[in-house]
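Novice: How does the following fold in three dimensions:
(one chain, ligands or ions: 1)
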Amino acid sequence: MIKFAFVGTGSRGTFAYLKPICNEYSDCAKICGVYDIDRKRAEAAVEMTGKDIPIYDDFDEMLKDIKPDAVIVTSIDCTHDEYIVRALDFGCDVISEKPLTTTPEKFMRIYNAEKRNGKKVTTTFNCRYMNHFERIKELLMSGVLGDICSVHYEWLLDRDHGASYFRRWHRERKNSGSLLIHKSTHHFDLLNWFLDDEPEIVNAFGTRRVYGDASRKKNERCFGCPAKDTCEYYYDITANESDKKLYFDCEDSKGYIRDKCVFSEEIDIEDTVSVSIKYKKGTVVSYSLTAHSPYEGAKIVFNGTKARAEFKMLHGGGMYGGSVANELEIFYPSGEVQKITIPKKDGSHGGSDSKMLNDIIRGVEYDPLGQAADTRAGGMSAGIGMAANISMKEGRSVKISEIIDI
Ligand SMILES: NC(=O)c1ccc[n+]([C@@H]2O[C@H](COP(=O)([O-])OP(=O)(O)OC[C@H]3O[C@@H](n4cnc5c(N)ncnc54)[C@H](O)[C@@H]3O)[C@@H](O)[C@H]2O)c1
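Specialist: Purely as a prediction, here's the structure:
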């Protein structure tokens with residue numbers, strides 16, 4: 001029986017880990033204690049599990065009391081390092097949500113703590129477990145495309161999903177490291193994994209054009225806003241029962257407001273970014289993220305020495321209203337074109353969350369695609385975002401080796 005301690009009882013922690021571990025893995029795993037800076041939210045989360053899990057007011061006390069084998073970290077991004085290092089120094093393994101961390105200094109603390117304690121950190125990159133990305137990984141591993149010379153990679157968040165990052169803690173760089181770390185860490189990890197390579201040099205530009213125009217602000221938050229009936233970004237925090245319980249009903253505890261105005265002066269992150277990356281084996285990549293697109297999805301193109309592959313994924317709200325299409329086309333110099341439709345999988349994040357959790361909890365003997373991600377993978381993906389942040393600020397190309405010394 002694996003004994004877990006748990007930190008961060010927001011929606012990700014509660015629905016991707018706490019509830020499933022309590023309900024589907026009781027034969028081999030047990031959450032022995034939870035901690036969140038907001039005890040009221042921890043209580044609401046534990047209530048949702050239907051189990052009697054001790055709630056602690058101090059993280060270190062929790063570790064001393066339950067002596068866990070591993071700690072699951074799902075608190076906000078900028079706090080991951082704090083709990084990861086304390087857990088490693090206590091002698092525990094760690095399972096941390098992405099992004100592993102938000103700054104080079106924090107990454108090096110984690111890396112050094114892991115080394116000195118001989119314990120293991122797993123970074124949970126659920127995208128690696130999505131069936132369409134597994135299919136792309138298999139395609140690349142097969143060698144059909146030859147060596148990959150370049151990748152064009154565009155990721156689109158619609159005005160519902162994208163706006164959600166401008167209402168909460170993510171909108172401040174000090175909390176999330178910007179979308180280039182919070183969000184793009186998924187995309188950069190996929191790239192590193194697809195290419196089986198590591199980034200060498202990064203150059204980036206970014207801007208914010210849609211969110212954060214304070215002259216449009218009518219209220220601090222959506223709840224009670226006079227523009228409720230006219231604002232395209234209005235979000236009703238009371239409409240969803242679990243959001244209401246975890247967040248709205250806990251506001252009087254620590255003052256975490258989840259429906260802040262997307263036109264606030266507090267926002268200091270970009271909503272539009274463009275990044276160039278050169279990889280160690282020579283692949284060059286152009287990546288962009290748009291957080292205000294009419295539809296949600298991604299387009300990824302691989303130009304290989306033997307063939308070209310184009311992947312298109314559409315999903316979510318906006319003009320595509322929930323429909324999902326994942327299409328892969330392979331173009332050969334002979335003129336032959338191979339079209340593959342990759343079916344949608346049900347479940348949270350296309351079934352990837354439960355698949356990844358199963359691998360983490362039950363362990364895997366055989367991992368042919370290399371889906372388990374470690375500290376290095378966490379650092380190399382967040383590292384591209386960190387380098388991009390420096391590049392935007394200082395107007396220069398940034399070598400990964402300048403900021404991550406491993
Ligand atoms: N892999 C994915 O698909 C995915 C999806 C969503 C979120 N995430 C990640 O999961 C984590 C949680 O995201 P979320 O959406 O649940 O956020 P959230 O805001 O809903 O929850 C975060 C929790 O952290 C707590 N917290 C804040 N500061 C803390 C501190 N100093 N110490 C302890 N707890 C603290 C908050 O009280 C809250 O309960 C983030 O790292 C995020 O990047 C991953």
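Novice: residues touching the residue of the chain found nearest the ligand, list them.
Specialist: At 1.8 Å from the ligand, residue 10 is the closest residue in the chain, using C-beta to the nearest ligand atom. In this view, the C-beta of every residue, glycine as well, is placed from N, C-alpha and C. Applying C-beta atoms under 8 Å, 6 or more residues apart in numbering, we find residue 10 in contact with 36, 41, 74, 75, 76, 246.
Novice: how close does the second one sit to residue 85?
Specialist: This points to residue 41. To residue 85, residue 41 is 23 Å away according to C-beta to C-beta, to the nearest Å.
Novice: and the two? which has more neighbours close in?
Specialist: residue 41 (25 against 20; other C-beta atoms under 10 Å).
Novice: can you pull the contacts of the more buried one?
Specialist: 9, 10, 246, 247, 250, 253, 254, 256.
Novice: How about it: what's its closest non-neighbour residue?
Specialist: In space, and not counting its chain neighbours, residue 41 is closest to residue 250: 4.6 Å by C-beta to C-beta, 6 or more residues apart in numbering.
Novice: what's the answer for residue 390, then?
Specialist: Nearest to residue 390 is residue 398, by C-beta to C-beta, 6+ apart, at 4.8 Å.
Novice: residues in contact with that neighbour?
Specialist: Neighbours of residue 398 in contact, by C-beta under 8 Å, 6+ apart: 201, 202, 203, 387, 388, 390, 391.
Novice: Go ahead and confirm the first one touches residue 397.
Specialist: In this case it means residue 201. Yes - contact criterion C-beta atoms under 8 Å: residue 201 and residue 397 qualify, at 5.3 Å.
Novice: more crowded one of these two?
Specialist: A side-by-side neighbour count of residue 201 and residue 397, using other C-beta under 10 Å, places residue 201 first with 18 against 15.
Novice: near the ligand, which of the contacts of residue 10 show up?
Specialist: Among these, the residues within reach of the ligand (C-beta under 6 Å from any ligand atom) are 36, 41, 74, 75, 76.
Novice: among those residues, who's most crowded?
Specialist: Neighbour-wise, the ones next to the ligand among the contacts of residue 10 (other C-beta under 10 Å) top out at residue 36, 28 neighbours.
Novice: circling back to that earlier point, quick one: which of the contacts of residue 10 sit in helices?
Specialist: Judged by DSSP state H, helices contain the following of the contacts of residue 10: 41, 246.
Novice: Quick one: name the residues of this protein near the ligand.
Specialist: 7-13, 36-38, 41, 74-77, 79, 97-98, 126, 182, 256, 349.
Novice: Stretch 159-168 spans what distance, first to last residue?
Specialist: Stretch 159-168 stretches 15 Å from its first residue to its last (C-alpha to C-alpha, to the nearest Å).
Novice: What residues sit buried inside that stretch?
Specialist: 159, 161, 162, 163, 164, 165, 166, 167, 168 (16 or more other C-beta atoms under 10 Å).
Novice: next one: stretch 173-182
Specialist: For stretch 173-182, by 16+ other C-beta under 10 Å, it's 173, 175, 176, 177, 178, 179, 180, 181, 182.
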